[in-house]
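S.K.: Return atomic coordinates for the entry below.
(2 chains)
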Amino acid sequence: MERKVVFPGMLLPYALLAPQILIILVFFYVPAGQALWMSTLLQDPLGLSVQFVGLENFQTVLSDPAYRQTIARTMFFSVAVTVCAMVPAVLLALMADRVVRGAMPYKTILIIPYAIAPAVAGALWLFLFNPSVGVVSYYMGRLGLDWNPKIDGSHAMWLIIIASAWKQIAYNFVFFLAGLQSIPKSLIEAAQIDGASPRRRFWTIIFPLLSPTTFFLIVVNFVYAFFETFGVIHAATQGGPGKSTEIMIYKVWYDGFIAQDLGRSAAQSVILMAIVVALTVVQFRFVERKVHY
Amino acid sequence: MADVSLTNVRKVYAGNVEAVKGVSFDIPDGGFCVLVGPSGCGKSTLLRMVAGLEAITSGECRIGARVVNEVEPADRDIAMVFQNYALYPHMSVYENMAYGLRNRGTPKDEIDRRVKEAAGILAIESFLDRKPRALSGGQRQRVAMGRAIVRKPQVFLFDEPLSNLDAKLRVQMRVEIKKLQRALGVTSIYVTHDQVEAMTLSDKLVVMSNGRVEQMGVPNEVYRKPASKFVATFIGSPPMNIAKGVVRGPGAVAVGDVVLPVSDMAADLKPGDAIEVGLRPEDLIVRGDGSLTMQVDFIEELGATQLFHGTLGGAHLVIQAASGLVPSESKTLNLAIDPAKVHLFDVGTGARRGR
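M.R.: As a prediction, this is how the structure comes out:
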């Protein structure tokens, strides 16, 4: 039962909301507004003069073939990270759900990667996959697999996908486990009596009942892959070799702070902002209404 | 169709907790057996062992000619109705009922025919397309039953199927379950903690306590000749009165200074032995010429009957009598009792001390 709290005056509720609103204001609305403003400006190379150019920055960015390639790359990266982070998570959750005794240590161990900083995760996987000293590279070499993320762009891409996904598995695991545990045990037993094999039970009962969790996580993982993998990439590949691991968020930073093209960088971040807003709308519209059985 | 027989069935959980301590009974083909007992007595565990949802630690469970200890639930040819109905929330009523048949590869037109037939029996045809959440409790209950009967199993298992319904619906569904079981003639095992359900539904009543069978038999017989104090107080509402008494001699016990005649009394009871005397509330008959006098403390009015709370020979008693027999301001009641309806129980073990 939800209980409504009634405040005597107007002051207290506003005062209670103020810190949160202040934080959002300072860390979101102000920078977002600034980005919007900056995306309409063009600076000269020495930063001595600024000129208002309207939507010209957007036009330049969107018609740039390199930027389109980055979008395609980001899409591939995000889908791959989402799949690689969700499939192992659901498998682990299914297994952890069956553990009755000593379940806590398992869960704790599986959740730990989430607490690791992105840059550390990137460095960790960089070492593991390092062509000269990496453990994984060594065994891949023994298996006769050619592996060098430092010179092969697609190898580098898989390196950052694995590093990014690995961190997110823990997060997904928590949600999937909670989802599994909210399915009444009697449903599974009823399906068992109804003659459904374990595989069929998963696809016809468990998976459909997990669908709200799954849709929620797809959106969350997408947002994660889009915006929060900067640290991993920066630590592991710096967007290289070439531009082969440069996703949109990395390009924003690169174009702005390395290439010093602030106007176009701001335009790119506005585009990213539009994407995150769109994803949020999708989440609210679909996840909260349609996917409920 | 099949009979069910359990032989010395035990269930021991990890940590040496013995939930079921060696239970044996047989249910004839088409019989309706009700397992009744307080929560934690092992009745649900026993049912789940018959279903195959719990492993049997030792003993034997047979359905028809087959020992099913190691048989998967799906292959035992049983259907179960769960307390929370366990309907698949993402499937329509039709799909819920068809699921078990689909898993077994039944042809589509056969599934359709059987689902419609079952829906017809239970009067749920009009909401075959609905999802369970769009149904009331009673309708969900029917769908759960439909899912059970559509498969035409050899045995129905019911795990407290009515306890989530309100009182009125419970009475209605109880009657329907009985009728349905009669009509289909399928052997059934029904678990409940409600002694009214147990009495009305069963043709074989198994009273359990603490993982053991306290008594089994025809409901009326269990009611009239309870094998122990536990059964005596568990079956019947209001429960049987139990008073401390002393044996006076063959065929006579005393409760305080009141002497009661007893016809069913163990031969080895000697005068002076302490005994517990059981009296059903409705067996003490209010009669003007009754030789027993009860002091009335207060009266509960139930409509058709009245409950008199009071004392007889110093022991607290509840007497049930038809309304209107006694003026409601009476302070004393004259009672008579049939000597055959005085029950004696051992003070230590609670076992019946009859002949």
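S.K.: got the contact list for B:Phe127?
M.R.: By C-beta atoms under 8 Å, 6 or more residues apart in numbering or on different chains, the contact set of B:Phe127 is B:Val93, B:Ala134, B:Leu135, B:Gln139. (Glycine included, C-beta is placed from N, CA and C.)
S.K.: A:Cys84 - nearest residue in space that isn't next to it in sequence?
M.R.: The shortest distance from A:Cys84 to any non-neighbouring residue, by C-beta to C-beta, 6 or more residues apart in numbering or on different chains, is to A:Ala165 (3.7 Å).
S.K.: which residues does the one you found contact?
M.R.: A:Ala80, A:Val81, A:Cys84, A:Ala85, A:Pro88.
S.K.: Could you list which of these belong to helices?
M.R.: Here DSSP state H is the test, and those give A:Ala80, A:Val81, A:Cys84, A:Ala85, A:Pro88 as lying in helices.
S.K.: what residues does stretch B:132-149 touch?
M.R.: A:190, A:194, B:79-82, B:85-89, B:91, B:93, B:96-97, B:99-100, B:115, B:118-119, B:121-124, B:127, B:156, B:161-162, B:164-166, B:169, B:172-173, B:177, B:180, B:184, B:186.
S.K.: Filter those residues down to the buried ones.
M.R.: A:190, A:194, B:79-82, B:85-89, B:91, B:93, B:96-97, B:99-100, B:115, B:118-119, B:121-122, B:124, B:127, B:156, B:161-162, B:165, B:173, B:177, B:180, B:184, B:186 (16 or more other C-beta atoms under 10 Å in any protein chain shown).
S.K.: Could you list which of these belong to strands?
M.R.: The members of the buried ones among the contacts of stretch B:132-149 that map onto strands under DSSP state E are B:Ala79, B:Met80, B:Val81, B:Phe156.
S.K.: ok, which of those also contact chain A?
M.R.: Filtering these for proximity to chain A by C-beta under 8 Å from any C-beta of the partner chain leaves B:Ala79, B:Met80.
S.K.: which one of the ones in strands among the buried ones among the contacts of stretch B:132-149 sits closest to A:Gly231?
M.R.: Distance to A:Gly231, by C-beta to C-beta, is smallest for B:Met80 among these, at 52.2 Å.
S.K.: Show me what that closest one bridges to in the sheet.
M.R.: For B:Met80, the beta-bridge partners are B:Leu157 (DSSP bridges).
S.K.: Dihedrals phi and psi, the residue nearest to A:Cys84?
M.R.: With angles defined as degrees, to the nearest 10, A:Ala165 sits at phi -70, psi -40.
S.K.: any weak-confidence spans in chain A?
M.R.: Counting by pLDDT under 70, chain A shows low-confidence ranges at A:1-3, A:45-47, A:100, A:287-293.
S.K.: Strands of that one, residue ranges please.
M.R.: A:41-43, A:50-52.
S.K.: which one of those strands lies closest to A:Ser269?
M.R.: strand A:41-43 (13.4 Å).
S.K.: In space, what's closest to B:Ala79 - neighbours in sequence excluded?
M.R.: B:Ala148 (3.7 Å).
S.K.: Please disregard the earlier target; I meant B:Ala351.
M.R.: Nearest to B:Ala351 is B:Ser228, by C-beta to C-beta, 6+ apart, at 5.4 Å.
S.K.: And for B:Met208?
M.R.: B:Gly37 (3.7 Å).
S.K.: re earlier: right, and the residue nearest to B:Ala351 touches B:Gly348 too?
M.R.: No. Counting by C-beta atoms under 8 Å, B:Ser228 does not reach B:Gly348; the two are 11.7 Å apart.
S.K.: higher neighbour count, the two?
M.R.: Per other C-beta atoms under 10 Å in any protein chain shown, whichever of B:Ser228 and B:Gly348 has more neighbours is B:Ser228, with 18 against 8.
S.K.: State the distance from that one to chain A.
M.R.: 33 Å (C-beta to the nearest C-beta, to the nearest Å).
S.K.: ok, now B:Ala198?
M.R.: Distance from B:Ala198 to chain A, by C-beta to the nearest C-beta: 22 Å.
S.K.: residues touching that residue, list them.
M.R.: So B:Ala198 contacts B:Val34, B:Val36, B:Thr192, B:Leu205, B:Val207, B:Pro219, B:Ile235 (C-beta under 8 Å, 6+ apart).
S.K.: Not counting residues beside it along the chain, what's closest to whatever residue of the stretch 1-150 of chain A ends up closest to chain B?
M.R.: For the stretch 1-150 of chain A and chain B, the shortest gap (C-beta to the nearest C-beta) falls at A:Arg101, measuring 7.8 Å. Leaving aside its sequence neighbours, A:Arg101 sits nearest to B:Ala14 (C-beta to C-beta, 6+ apart; 7.8 Å).
S.K.: about what we covered before: the ones in helices among the contacts of A:Ala165, buried ones only, as a ChimeraX selection?
M.R.: A single ChimeraX command selects the buried members of the ones in helices among the contacts of A:Ala165 (16+ other C-beta under 10 Å):
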select /A:80,81,84,85,88
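S.K.: so the residue nearest to B:Ala79, which of the three states?
M.R.: helix (DSSP: H, G, I helix; E, B strand; the rest coil).
S.K.: got it, and B:Val277?
M.R.: strand.
S.K.: Pull up the gap between it and chain A, please.
M.R.: Counting by C-beta to the nearest C-beta, the gap from B:Val277 to chain A is 44 Å.
S.K.: need the contact list for that residue.
M.R.: Contacts of B:Val277 by C-beta under 8 Å, 6+ apart are B:Ile242, B:Ala243, B:Lys244, B:Gly245, B:Val253, B:Val255, B:Leu260, B:Val342, B:His343, B:Leu344, B:Phe345.
S.K.: what about the closest residue to it other than its chain neighbours, which helix or strand?
M.R.: Closest residue to B:Val277 apart from its sequence neighbours, by C-beta to C-beta, 6+ apart: B:Gly245 at 4.1 Å. B:Gly245 belongs to strand B:241-249 when assigned by DSSP states H and E.
S.K.: After that strand, which helix or strand is next? Please name it.
M.R.: Where DSSP H and E defines the elements, the next helix or strand beyond strand B:241-249 is strand B:252-255.
S.K.: Name every strand pairing with that following strand and say which way it goes.
M.R.: Strand B:252-255 has these strand partners (DSSP bridges): strand B:241-249 (antiparallel), strand B:258-261 (antiparallel).
S.K.: Reformat those as CSV; add mean pLDDT and mean neighbour count.
M.R.: Below are these laid out as CSV (pLDDT from 0 to 100; neighbours: other C-beta atoms under 10 Å in any protein chain shown):
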stretch, mean pLDDT, mean neighbour count
strand B:241-249, 90, 19
strand B:258-261, 89, 19
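S.K.: and the ones you listed as a markdown table, adding distance to A:Tyr67?
M.R.: Listed next are the strands paired with strand B:252-255 as a markdown table, based on distance: least, C-beta to C-beta, whole Å:
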| stretch | distance to A:Tyr67 |
| --- | --- |
| strand B:241-249 | 88 |
| strand B:258-261 | 101 |
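S.K.: okay, now A:Arg200: neighbour count?
M.R.: A:Arg200, neighbours per other C-beta under 10 Å, totals 15.
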